[in-house]
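*Asks:* Next one to model:
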Amino acid sequence: MNYRLILNIAVHLLRARLKQTIVAAAGVTFGIAMFITLLGFMNGLNDLLDGLMLNRTPHVRLYNEIKPVENQPVNLSEKYKNATNFITSIKPKDRGKAIYNSKTIIKVLKEDKRIVDVAPKVTTPVFFNSGTIEISGIINGISVTAEEELFKFSDYITDGNIADLEQNNSIIIGSGLAKKMMLEKGDIIKVTTPKGNLASLKIVGISQIGIAEIDDVMSTTSLSTSQKILGESTNYITDIQLKLHDISLAPQLAKEFSTQFGVDTIDYQTANSQFETGSTVRSIISYAVGIVLLIVAGFGIYNILNMMIYEKMDSIAILKATGFSGNDVKWIFLSLSMIIGIAGGILGLIFGLLFSGIIDTIPFETASLPTIKTYPINYNMLYYIIGITFALVTTVIAGLLPALKASKIDPVEIIRGK
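*Replies:* Next up, the predicted model:
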């Protein structure tokens, strides 16, 4: 079989029906370009939302939750422990929010090879006072260095510098809280703790997470400042936040650390299950729409090749009469579809990259996401490989049935019919 001759014939057939060839190739080009653009945009959006979640969420969080004692006295009794006991009016046990022996726990966790780093935190509800205005909120006392390294908190500071938290009696407040209380950087805000302690803190920055419910109540101080306004010692820690090398281990490690240290734990998947579900659904929709576009383009190629066979019956008969086998004719028409697929696929990759680049430059500025300036695009090379592979497979399958039909044509019947 002379592959060069077969390819030459295929090219001449394509040139003979140039308009239909261009339409078929344009269908493949459009399908791949839209597949890559849609997938890049939707996954860029997923990365953005996942970033908002993961950048501010520890993979595993250790804390103490106020809850009833699991083993009530009646269940410990030898007489009643094997019976079915109905207990009402159970009061939660006040074991305090502080994690017992937190310094030792942090030391052990820092030595664990599976953990990137540890960020201790103090969380407490407070009242913010400015003149006659009083608003309930939350103060997060953070280890400035660890918080910045693990969660990039500075990305969410719209005015000020995270390093200023190292100053005594300094605070960064949420943008919603600043608007409500008409405060700005450099002002003094008074804070009342649950124990009635009153403290005056200097605002050194404004933060904006992008979630209104958080920005309206959240503020951030250094770990030492939060411990001081609460009147607690330097051992007082309410949360221990962990970042892992392998985030898939988060559920497993959460259970392990809960048992090992006798504290409550929660992993990021449990804390953000709705985000995970949303990302999965958006990815499925993106792939489904892109694949449908390529299948539709495949039907276009099938129809064009089918019509070409009917119109080129004489040519096929002459080819067979001059010594071309059915297999040769089959490869001629398969070559037609592959040329369309390759040409359309390469152009689709180029236009997909071009469209993605255009979207990536469109301004996207919103008050809820201050760090985002343009629409998000994911330029993952995998999408381009999937696109060109699926395009080639689709066009080959679309050309296979017409090629098999052409290979079975009897030249004697065609010539006799003429």
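
*Asks:* For residue 138, see how far away residue 378 is.
*Replies:* According to C-beta to C-beta, to the nearest Å, residue 378 and residue 138 sit 34 Å apart. Backbone N, C-alpha and C define where each C-beta goes, glycine included.

*Asks:* What sits closest to residue 116 if chain neighbours are left out?
*Replies:* Closest residue in space to residue 116, ignoring its immediate chain neighbours: residue 243 at 4.2 Å, by C-beta to C-beta, 6 or more residues apart in numbering.

*Asks:* wait, is the one you found part of a helix?
*Replies:* No. Using DSSP: H, G, I helix; E, B strand; the rest coil, the assignment for residue 243 is strand, not a helix.

*Asks:* Please name the residues that touch it.
*Replies:* Residue 243 makes contact with 58, 59, 115, 116, 117, 119, 150 under the criterion C-beta atoms under 8 Å, 6 or more residues apart in numbering.

*Asks:* Using PDB, write down the CA coordinates of the helix or strand hosting the last one.
*Replies:* Think residue 150. For residue 150, the host element (DSSP states H and E) is helix 144-151. Taking Å, rounded to 0.1, in the frame of the first residue of the first chain, the C-alpha atoms of helix 144-151 are listed here in PDB:
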ATOM      1  CA  VAL A 144       1.600  36.600  62.600                       C
ATOM      2  CA  THR A 145       4.500  34.700  61.000                       C
ATOM      3  CA  ALA A 146       2.700  31.300  60.900                       C
ATOM      4  CA  GLU A 147      -0.600  32.800  59.700                       C
ATOM      5  CA  GLU A 148       1.100  34.600  56.900                       C
ATOM      6  CA  GLU A 149       3.200  31.600  55.900                       C
ATOM      7  CA  LEU A 150       0.200  29.100  55.900                       C
ATOM      8  CA  PHE A 151      -2.800  31.200  54.900                       C
END
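
*Asks:* Please work out which residues outside it touch it.
*Replies:* So helix 144-151 is in contact with 55-56, 58, 116-121, 153-154, 162-163, 165-166, 222-223, 241, 243, going by C-beta under 8 Å, 6+ apart.

*Asks:* Which stretches in the stretch 301-418 of the chain count as helices?
*Replies:* 313-321, 326-361, 381-407, 411-417 (DSSP state H, counting those that start in this stretch).

*Asks:* Likewise for the stretch 101-250 of the chain?
*Replies:* 102-110, 144-151, 175-181, 212-215, 223-230, 250-261.

*Asks:* Format the ones you listed as TSV; extra columns: mean neighbour count, distance to residue 64 and mean pLDDT.
*Replies:* Output for the helices of the stretch 101-250 of the chain, formatted as TSV (neighbours: other C-beta atoms under 10 Å; distance: least, C-beta to C-beta, whole Å; pLDDT from 0 to 100):
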stretch	mean neighbour count	distance to residue 64	mean pLDDT
helix 102-110	16	10	91
helix 144-151	18	20	87
helix 175-181	20	26	88
helix 212-215	16	22	80
helix 223-230	21	15	91
helix 250-261	17	11	91
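
*Asks:* So which of the ones you listed is nearest residue 79?
*Replies:* Among those, helix 250-261 comes nearest to residue 79, with 29.3 Å by C-beta to C-beta.
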